[in-house]
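Trainee: have a look at this fold, sequence not included:
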């Protein structure tokens, strides 16, 4: 097996290692690397959507030759390449130091999507972002891991909002030759492929490699000439509506993922299922053992002992279930190849005492086949144990073997460069290696108030500038008049308290909760000398008509003269816009209907940048809120019905804005600084950064699940 490395024809020898940087998203969490690429051509950098591979292909060769003669550029280039090489080769990492006696650990981490960076558009939202952050921290900590997913020919849709607020979903075609991926080749130089069988035909897939720092991420692709046009479309698009196609995608990820690793000679010792989409991998591993003559019970137990499962879905209806007739069509030949009867096969995906004869449940398959299973926050763990107690009917709910490891974020990705520089200036570079050290983060309180506020204000200006640019482009595209376009150029005020709400638009997220009492909201927005403004963003799945109608609702309110341009909806929420929002608003608003937010991570990203959270006590915030680092909407309890919860939470939200948040923000000292607000910003960073990051999360997975599995 080898990798087909691409060489940029126009890249001068003196700076040829820029090609290595371009093909490794390591650059995306190192501000110096981003600045180096941006320096070559700032406009082109934005035009290519921060994709360094495209940048180096499209850049004028004359500009590259100029760069070779810039002493300052070369000095920064040499320093950066040295750091890059050291980070990929260093042996002084957490896993090497703390787990030196652990031998033969190699984790295969499977996920339906990976959100590493916007230049690798292979994700739709939170699950993918978490998967990408998981791999990044595995690299930073030196944990031996490979990722496995699918490579989609079309990125998750670009969102355009029409004049009347309708979401238009446009799927962009990905040019793999301009992405940071390489085809995996045989020693002969031909693409490495493998085959799986389904529905009485054979499917061929090839393998691509994306390096995430030191972690290899393998992505499977069926868009090749050997396949029929129907099969070439299997990896066309993420989260398709066609249930047959969805089933085949999950077969490819699970069964094909095992075959791909075998084809490359990679032998994982631990298999981590990130959600149930990839659960067919356990069946394939069992099938391989059965073919070797190992008895069924022993094969099942062997696979179970080396499997870890993470569930992210706190409602039964949200878990992946395939109808029995559909499974019969696609899996009859498969269970026959395992030497099983239909009844034996269906046991894998059904409850023991109350099996549903018409369904095969992927979460049940995952839970039954894993030695360790976890939810993604403590509250979600409580919910998950109640949900799945039927799989362990003889156990009290508190003994159901589903633990919890609360999600985190890759802090170095989501903390903006300005905040990183501020930390560098006041606490040195070492903070990058102290992300899980609460004692170190006490030093945040020592940063001068004016220095922190100055950077926050700069970030707020930058966000507002970008929002204006997006709105101008949108209104020009929609043919709006000159007055509307000029209005967009001046919308929002950087001196006004700014609230951000950005996430997937689905009913349980309750994007419209703040509009429940419109007159009261109007008074809050227009409070004399203490106004607020709200920035909304988010996508709805193209098939989710309810979600799209919620976007129309919010958009209509944003254009309502009653609210006087104090509410905006920004189209096309993606990783790039998310970074601007979580660093540029003053308050991050989160209003899920408790307990439906399994964890959530956007508020962690906001906290990493000094933005304060105002959230329901659900998911991670129930653990993160300490009474001084933000605000809790509502109470830490369950409600009788949705109407009761909506009313109670909206009243709490308005009360917090009127009596706590707005007065605190506008209370300034003689220098114009909101000192009490800044103290709250520092407390938020101090208390949240060292706890809610993927370094802590990966350490917990390693010590509580990966290594115990290995030692069984």
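Mentor: Nice, I can see it. Bear in mind the structure is a predicted one, so any value in this text is a computation, not a measurement.

Trainee: switch to C-alpha atoms for all contacts and neighbour counts from now on
Mentor: OK.

Trainee: just the strands in the stretch 201-350 of the chain please.
Mentor: Along the stretch 201-350 of the chain, counting by DSSP state E, counting those that start in this stretch, strands occupy 201-212, 215-221, 270-274, 307-310, 321-323.

Trainee: now swap in the stretch 601-712 of the chain and tell me
Mentor: 612-616, 630-633.

Trainee: what's the most buried one of those strands?
Mentor: Sort the strands of the stretch 601-712 of the chain by mean neighbour count, taking mean count of other C-alpha atoms under 10 Å, and strand 612-616 sits at the top with a mean of 26.

Trainee: pairing partners for that one, with directions?
Mentor: strand 587-590 (parallel), strand 630-633 (parallel) (DSSP bridges).

Trainee: would a markdown table of the strands of the stretch 601-712 of the chain with mean pLDDT and distance to residue 365 be doable?
Mentor: Listed next are these as a markdown table, based on pLDDT from 0 to 100; distance: least, C-alpha to C-alpha, whole Å:
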| stretch | mean pLDDT | distance to residue 365 |
| --- | --- | --- |
| strand 612-616 | 98 | 32 |
| strand 630-633 | 98 | 36 |
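
Trainee: export the ones you listed to JSON lines and tack on distance to residue 563?
Mentor: Below are the strands of the stretch 601-712 of the chain laid out as JSON lines (distance: least, C-alpha to C-alpha, whole Å):
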{"stretch": "strand 612-616", "distance to residue 563": "21"}
{"stretch": "strand 630-633", "distance to residue 563": "23"}
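
Trainee: mind listing what residue 57 touches?
Mentor: 8, 10, 178 (C-alpha atoms under 8 Å, 6 or more residues apart in numbering).

Trainee: let's have the residues you listed in JSON lines, adding secondary structure and distance to residue 411.
Mentor: Converted to JSON lines, these look like this (DSSP: H, G, I helix; E, B strand; the rest coil; distance: C-alpha to C-alpha, whole Å):
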{"residue": "8", "secondary structure": "coil", "distance to residue 411": "31"}
{"residue": "10", "secondary structure": "coil", "distance to residue 411": "35"}
{"residue": "178", "secondary structure": "helix", "distance to residue 411": "27"}
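
Trainee: which of those has the weakest pLDDT?
Mentor: Within those, residue 8 has the lowest pLDDT, namely 83.

Trainee: what are the ranges of the helices in the stretch 351-500 of the chain?
Mentor: Ranges of helices in the stretch 351-500 of the chain, per DSSP state H, counting those that start in this stretch, are 362-368, 378-387, 411-414, 417-427, 438-441, 449-477, 482-490.

Trainee: closest one to residue 496 among the ones you listed?
Mentor: helix 449-477 (10.1 Å; C-alpha to C-alpha).

Trainee: burial of residue 674, as a residue count?
Mentor: Neighbour count of residue 674, defined by other C-alpha atoms under 10 Å: 18.

Trainee: which pLDDT value belongs to the residue nearest in space to the middle of the chain?
Mentor: Per C-alpha atoms, centre = their mean, the C-alpha nearest to the average position across the chain is that of residue 129, at 1.3 Å. At residue 129, the model reports a pLDDT of 97.

Trainee: so what's it up against?
Mentor: Counting by C-alpha under 8 Å, 6+ apart, residue 129 has contacts 114, 115, 116, 123.

Trainee: pLDDT below threshold where in the stretch 151-300 of the chain?
Mentor: Of all residues in the stretch 151-300 of the chain, none has pLDDT under 70.

Trainee: which stretches of it form helices?
Mentor: 229-232, 243-251, 257-263, 280-291, 296-305.
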